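**Q** Turn this into a structure:
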Amino acid sequence: MKRFEVYKLWPIELVKGAGAKLWDRDGKEYLDMYGGHAVISIGHSHPKYISAISNQIGKLGFYSNSVTNSLQSDLSSRFGEVSGCKDYSLFLCNSGAEANENAIKLASFHTGKSRILAFKGAFHGRTSGAVAATDNKAIRSPFNRTSKVTFIPLNDITYAEKELSKGDYAAVIIEGIQGVAGIIMPDDKFLSDLRRLCDKHKVLLILDEVQSGCGRTGKYFAFQYSGIKPDMITIAKGIGNGFPIGAVLITHKIGAVVGMLGTTFGGNHLACVAAISVLDVIEEENLMKNAITIGNHIVDELSNSPSVAEIRGRGLMIGIELKEGYEKIKERLLFQKSVFTGSAGSNVVRVLPPLNITLKEADEFITAFRELENEMQ
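**A** Residues are numbered from 1 along each chain as shown. The predicted structure follows:
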C-alpha cells in the first residue's frame, strides 16, 4: 500500500529540532521561519514542554470525556489569564477545522438560523462545514458548496450591512488575519463596525484565530488590536506547539446543553498539559513582546528591498509580497539557503517562525533573502 499523494513534498526528511533550528536525516541544518504552518510557537524541543508531556504520559495519557479531568479546568483558567478572556467558556477539540465546525454549529443552535457570512480569500479548514466557509475552489468539492454560505469582500462594511440586514444569518466568521490568502488584515475599524452590525442584527461574531492567535501578532489574539469582543474565538496550531489541540472560546450568552457537542480525543490529558506548558512559556519568556520586536525588525529591514512590493502583517505573522520576476526567492530560500518559509499564491512569502526566535536568527533570514535578491537582479 502507498500513501494517498495529496501533498507536494520537498525531498527533505527532518529528524530533529531545537528552538528555530531543524536538522535533516543527513545532519544538514535549516532555519525555521515557518513553524510548520504557524504551529511551533515556543520553539522545537522546548525543555518545559518536553518535561510536561513526559511527566503526564508516565501517569495517564488518555481517558474519555465521560470522567472529570481537572487539567481541562486548569487550562481554561490559564487561557482566561493569558488572553484576557476570563468570562468565556472553553470547549476543547483537536484542530482548527474542528474548532470552526463547532463554532458554526453552536451559532446555528443558538440563533435557530442556518446561514453564514464569510469573506473572500477566507480559509477556515478542510472538514465539511469549515471548508464550506472557505473561499478556495481547489479544496471545496461540489458536496461542500452550499447556498447557506455567502462570501463578501473583506473590509467593505457596506456589503456586510446589506447581507446582515436580510435577517437570516446565524453568524459571521472572519480570520484575525487571513493567512492562506497572503497575510491580509481586516481593518480595526472594520472589525469594530462589524461587531456593531452583528449586535444590531442579532448575529454571532466568530473570530478564527487558528493561525493568528497564541501571541503570534504581539497580542494573544489579533482581534484585540481593534478592542472588540467576539462571541466565539477559535484557536489551534500554536497552542499545542505540535501536539494536536483545538478549542472554541464561547461567550457566556451561549448556553450549553448536554450532548450538544462532543469529541473523543478533545481535551485529553496530554493535549491539556502541552497547552498549559505553551501558555506558561509564552508568559514566562515574554514571547509576545519578542514577536513584536523581531517582527518589526524583519519588516523594517526588508520593506525597501528591490524585490518587495509590500510587506503586511503584525508581530511574527508576516507576508512579503514579491514583485514580478522574484517569485523563485521562496524556493531558493529552502534549497540554496536552507531556510523554511511558507507561501501564499505565486508571489507571497509567509513568515511564521517560532515566537522565541532570536535577533541573530532573524538576521540570518534577512541576509539570506538579500543575497538571493541580489543574485536575481
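
**Q** pLDDT averaged over the helix or strand hosting residue 110 - what is it?
**A** Per DSSP states H and E, residue 110 falls inside helix 96-111. Averaging pLDDT along helix 96-111 gives 97.

**Q** Moving C-terminal from it, which element do we reach first?
**A** Sequence-wise, the next helix or strand downstream of helix 96-111 (DSSP H and E) is strand 115-119.

**Q** between that next one and helix 96-111, how big is the angle?
**A** With axes from the mean of the first three to the mean of the last three CA atoms, to 10 degrees as the basis, strand 115-119 and helix 96-111 are set at 140 degrees to each other.

**Q** For the helix holding residue 110, buried residues please.
**A** Neighbour counts over helix 96-111 (16 or more other CB atoms under 10 Å) mark 96-108, 110-111 as buried. All C-beta spots, glycine's among them, are computed from the backbone N, C-alpha and C.

**Q** Dump the C-alpha coordinates for the strand or helix carrying residue 15 into CSV.
**A** Assigned by DSSP H and E, residue 15 belongs to strand 14-18. Only the C-alpha atoms of strand 14-18 are listed here, as CSV (Å, rounded to 0.1, in the frame of the first residue of the first chain):
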residue,chain,number,x,y,z
LEU,A,14,13.5,16.3,9.2
VAL,A,15,14.5,14.4,12.3
LYS,A,16,15.5,16.9,14.9
GLY,A,17,14.7,20.4,16.0
ALA,A,18,15.7,22.9,18.7
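
**Q** List the strands paired with that strand, with their directions.
**A** With DSSP bridges as the test, strand 14-18 is paired with strand 21-24 (antiparallel).

**Q** next helix or strand past the partner strand?
**A** The element immediately downstream of strand 21-24 (helix or strand, assigned by DSSP H and E) is strand 29-32.

**Q** Report all helices and strands that that next one contacts.
**A** Packing partners of strand 29-32 (3 or more CB pairs under 8 Å, 6 or more residues apart in numbering; DSSP states H and E): strand 21-24, strand 339-340, helix 359-376.

**Q** For the stretch 51-200 of the chain, which segments count as helices?
**A** According to DSSP state H, counting those that start in this stretch, the stretch 51-200 of the chain carries its helices in the segments 70-83, 96-111, 128-132, 157-164, 188-200.

**Q** counting contacts, what elements does the second one pack onto?
**A** If I follow you right, that is helix 96-111. Under the contact rule (3+ CB pairs under 8 Å, 6+ apart), helix 96-111 is packed against strand 88-93, helix 128-132, strand 169-175, strand 204-208, strand 232-235, strand 246-251.

**Q** so which of these gets nearest residue 24?
**A** strand 246-251 (29.1 Å; CB to CB).

**Q** Neighbours of residue 305, how many?
**A** 18 (other CB atoms under 10 Å).

**Q** Also the one 4 residues further on?
**A** Per other CB under 10 Å, the neighbour tally for residue 309 reads 13.

**Q** what does residue 220 give?
**A** Number of residues near residue 220 (other CB under 10 Å) recorded here: 23.

**Q** Next: residue 138.
**A** Using other CB under 10 Å, residue 138 has 6 other residues around it.

**Q** again, but for the one 3 residues further on
**A** By other CB under 10 Å, 11 other residues sit near residue 141.

**Q** In contact with it, which residues?
**A** Contact analysis of residue 141 by CB atoms under 8 Å, 6 or more residues apart in numbering lists residue 131.

**Q** What of the one 10 residues further on?
**A** Going by CB under 8 Å, 6+ apart, residue 151 touches 118, 119, 120, 122, 135.

**Q** tell me which of these is nearest to residue 310?
**A** Of the contacts of residue 151, the one sitting nearest to residue 310 (CB to CB) turns out to be residue 120, at 18.3 Å.

**Q** Next, give me the two most distant ones among the buried residues of helix 96-111.
**A** Pairwise over these, using CB to CB, the maximum falls at 96 and 111, 22.6 Å.

**Q** picking that back up, would you turn the helices and strands packed on helix 96-111 into a markdown table with mean pLDDT and mean neighbour count?
**A** Shown next, in a markdown table, are the helices and strands packed on helix 96-111 (pLDDT from 0 to 100; neighbours: other CB atoms under 10 Å):
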| stretch | mean pLDDT | mean neighbour count |
| --- | --- | --- |
| strand 88-93 | 96 | 22 |
| helix 128-132 | 92 | 21 |
| strand 169-175 | 98 | 26 |
| strand 204-208 | 98 | 29 |
| strand 232-235 | 98 | 29 |
| strand 246-251 | 97 | 25 |
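
**Q** and of these, who's closest to residue 69?
**A** Counting by CB to CB, residue 69 lies closest to strand 88-93 out of the helices and strands packed on helix 96-111; the figure is 9.5 Å.

**Q** so what strands line up beside that closest one?
**A** With DSSP bridges as the test, strand 88-93 is paired with strand 246-251 (antiparallel).

**Q** contacts for the partner strand?
**A** The contact list for strand 246-251 (CB under 8 Å, 6+ apart) reads 79, 83, 85, 87-99, 102-103, 106, 210, 229-236, 239, 266.

**Q** Send me it as CSV with only the CA atoms.
**A** Taking Å, rounded to 0.1, in the frame of the first residue of the first chain, the C-alpha atoms of strand 246-251 are listed here in CSV:
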residue,chain,number,x,y,z
GLY,A,246,-8.1,23.0,19.1
ALA,A,247,-10.6,25.0,21.1
VAL,A,248,-13.6,27.3,21.0
LEU,A,249,-13.8,30.1,23.5
ILE,A,250,-17.6,30.8,23.9
THR,A,251,-19.3,33.9,25.3
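
**Q** Buried residues of the next helix or strand after that strand, list them for me.
**A** Next along the chain after strand 246-251, taking DSSP H and E as the criterion, comes helix 269-284. For helix 269-284, a neighbour-count test (16+ other CB under 10 Å) marks 269-282 as buried.

**Q** tell me the angle of helix 269-284 relative to strand 88-93?
**A** 130 degrees.
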